[in-house]
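Enquirer: Could you work out the structure for the sequence below:
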Amino acid sequence: MASFRAFWNSPMGPKTTHFWGPVANWGFVAAGLADMKKPPEMISGNMTGAMCIYSALFMRFAWMVQPRNYLLFACHASNETVQLYQFSRWARAEGHLSDKKEETSSQ
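Expert: The predicted structure is shown next:
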């Protein structure tokens, strides 16, 4: 009971935005995971790129803020991973990422 009370009243506990902000941001990760089943033609390169930059910036913020917010950092690291994967799917579908064999054989 004492450990629960300590968590409840901590600066990172459920009474603070340091807790609920990251919890809400896990929705971005869930949405990105759900979008993995969709065809890459439906991916917006601009929005996915913006999400990559957003998560990278907030990863830095979560690391630099005092007290350090590991929950927010983990959330944005997960989102960065998902969004970079989605961005690579989009880039392949658009033809921005191609095998070097194809480039050298066509010349």
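Enquirer: tell me which element the residue positioned nearest the centre of the chain is part of?
Expert: When C-alpha atoms, centre = their mean is applied to the chain, the residue found nearest the centroid is residue 79 (1.3 Å). Under the criterion of DSSP states H and E, residue 79 resides in helix 70-94.
Enquirer: One more: residue 50?
Expert: helix 45-64.
Enquirer: Next, the angle from that helix to helix 70-94.
Expert: With axes from the mean of the first three to the mean of the last three C-alpha atoms, to 10 degrees applied, the angle from helix 45-64 to helix 70-94 works out at 160 degrees.
Enquirer: which residues sit against helix 45-64?
Expert: 22, 25, 28, 32, 68-70, 72-73, 76-77, 79-80, 83-84, 86-87, 90-91, 94 (C-beta atoms under 8 Å, 6 or more residues apart in numbering). For every residue, glycine as well, the C-beta is placed using N, CA and C.
Enquirer: Now the buried members of these.
Expert: Buried subset of the contacts of helix 45-64 (neighbour count, 16 or more other C-beta atoms under 10 Å): 22, 25, 28, 32, 69, 72-73, 76-77, 79-80, 83-84, 86-87, 90-91.
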